[in-house]
Every structure is written in C-alpha cells, then in structure tokens.
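Participant: structure, please.
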Amino acid sequence: MYPLQSMTHATVYIVISIYFLLLVTLRTNPFNAAGAFVQEIFTRRKYLLHFVAVMAILFFNKIELWVESHMKYTADFTPKVYALEGNFVAAFQQFFQSDILTMITSMFYVVIFPCLMIASILIYTYQKKHRLFYALCYTVMINYIVAIPFYLFFPVLEVWAFHPKVDLLITQAFPAFESEYRPLSGLDNCFPSLHTSISVSMAILAAHSGNRFWKWFSILSCSIIIFAIFYLGIHWVTDMIGGVILGTFAARVGIRISEERTVLGGLLVQPRRLKQQKVGE
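Facilitator: The predicted structure is shown next:
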C-alpha cells in the first residue's frame, strides 16, 4: 500500500496536517483561524489584494510551463552542473537509502511543503500579525518572480533524469508522481530549487512570529525538505544553494517592504486623525 496513491490522497493529507498544525500552534479550534481568514478577505481590501496577488503569481507559474513548451530555446545547462558537482547526489542517495526514509521524505516533499505556506497564512491572520502576512505575500512573489526567468533561460534537468545512478525514489511512495504532480513543475525547472527557497523563507518568517512551536517546526521541516531534494534524486547541490540564497533574500526583502509600508500607513493615518479631531472641536 502506497501512502500517496494520488493527488487526491495528498490533498487529504495536506488538509489533515494543516488542521493539526493549527491546533498545536494556536491551541484553539482550527476553524477559528479559517473564520478569521474569511473575515479578513471580506472586510479588509488590502488583505484581499495581497492574497489575490499571491494566487496570481502561483498561477503565473503554470503559464511559465506553457510558455516554455512553446519556446524554441533549446539550451541545457545540466552537463555543466554535473561537471561541477560530479556524483555527489548519487552517493548521497545510495548512502542513506531506506524504505522508511523514502516514505518520510516523500511526505515532507509533497504534503508538508505546501502546509508551511498555507498554515503560515492562517496563523498570522488569526494572530492579527498582518505585517508577517504581508511579508509572506511579498516573499512568495519575489521567490517566483526571480525563479521563473531561470526556468525559462537556464534549464537544468532533475538529477534522476540525467544521472544513470540516481533514482526518482519518490515514486516508491507516490507512484503517480510523474503523471499527477509533474504538471505543477517542469522537468528542467531545477535551478533554483523553489522547494528550498520557499521552505527557507517560511522558516525565516516563522522565526519572527514569536511562536516557539511554529518557529522550530518550520526550521525542522525546512531542513528535512532540503535533505529530501537530494535523497529523492530531484535536485542538484547548485539548486539548493541557489534556493537558500533566493529564499533568504526574498524573506528579508519581504519583511523590509512590509515594515516600510506599515510605517508609511501609520504616517498617513495620523494626519487624518488630527483632521478629524479638529473638525470635532
């Protein structure tokens, strides 16, 4: 019996995981967090616009795959990456390979990875940490905006598709990975690793959340996901390094933009309050 028989199974696991993560992190009924999210969507225009922008950039990733399929650009930088790294990923995979580890890393790659972003949105929304929510939105957009041009013009094949001694181990836990998960990401969309960059970004934001459990869970999950991209035979070390740099940059810039907009918003609100006070007098 495979733990991930289809994307439907994966989606169910994602929903269940988010439920328990919210329960442990917030120590309240997870539906309260969902309710807070819906309330913000319908009552705060700024919140809605930021959320829509994130959804748009995720949708643009699908457009990138369509554009790539119609491009005549045929460059392949995989041989150069292999010449730089050699057999590291092959040796790494063979050293650690075990059935249990394959199941655990596959679950983190497919299930926990999206949970980090979705749960973060709900946690920061429920706790009224709007600055972190906006920082998350900017961070995700920056990650994709920077990564997509590389996917178009610096194509690098996943390790298993190039190296004869590397297997795509995730298919042992998720047999339909290539047919159901692959449409979400191109085979040559390796550099930089978005699994790495998004995970690093979420961990950095979680470190600013003030929630001890969420901070350490995000850091641990980030570490396991980075381990998984090698172990499962998907990414090169170069992809990981690019992902760490991108994720750190995106999170720092996202936080900075969020802080500056918060300060600017406060400065704009003060004159309005003073004007209202004068009118009241």
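
Participant: are we agreed that Leu187 is in a strand?
Facilitator: No - read with DSSP: H, G, I helix; E, B strand; the rest coil, Leu187 is coil and lies in no strand.

Participant: so what's it up against?
Facilitator: Leu157, Glu158, Ala161 (C-beta atoms under 8 Å, 6 or more residues apart in numbering). Every residue, glycine included, has its C-beta placed from N, CA and C.

Participant: which strand or helix spans the residue nearest to His163 when sequence neighbours are not counted?
Facilitator: Excluding its sequence neighbours, the residue lying closest to His163 (C-beta to C-beta, 6 or more residues apart in numbering) is Ala90, at 5.7 Å. Taking DSSP states H and E as the definition, Ala90 sits inside helix 88-96.

Participant: name the helices or strands packed onto the helix or strand just after that helix?
Facilitator: Using DSSP H and E, the helix or strand that directly follows helix 88-96 along the chain is helix 99-107. In terms of contacts (3 or more C-beta pairs under 8 Å, 6 or more residues apart in numbering; DSSP states H and E), helix 99-107 is packed against helix 212-231.

Participant: so where do the helices sit in the stretch 151-281 of the chain?
Facilitator: Secondary structure of the stretch 151-281 of the chain, counting by DSSP state H, counting those that start in this stretch: helices at 159-162, 194-207, 212-231, 237-280.

Participant: hey, which of these is tucked in deepest?
Facilitator: Highest mean neighbour count among those (mean count of other C-beta atoms under 10 Å): helix 194-207, with a mean of 26.

Participant: model confidence for the residue nearest the centre of the chain, exactly?
Facilitator: Nearest to the geometric centre of the chain sits Ile198, at 3.4 Å (C-alpha atoms, centre = their mean). At Ile198, the model reports a pLDDT of 97.

Participant: begin at 47, not 1, for the rest of this chat.
Facilitator: Sure, I'll start counting at 47 from here, so that last one is Ile244.
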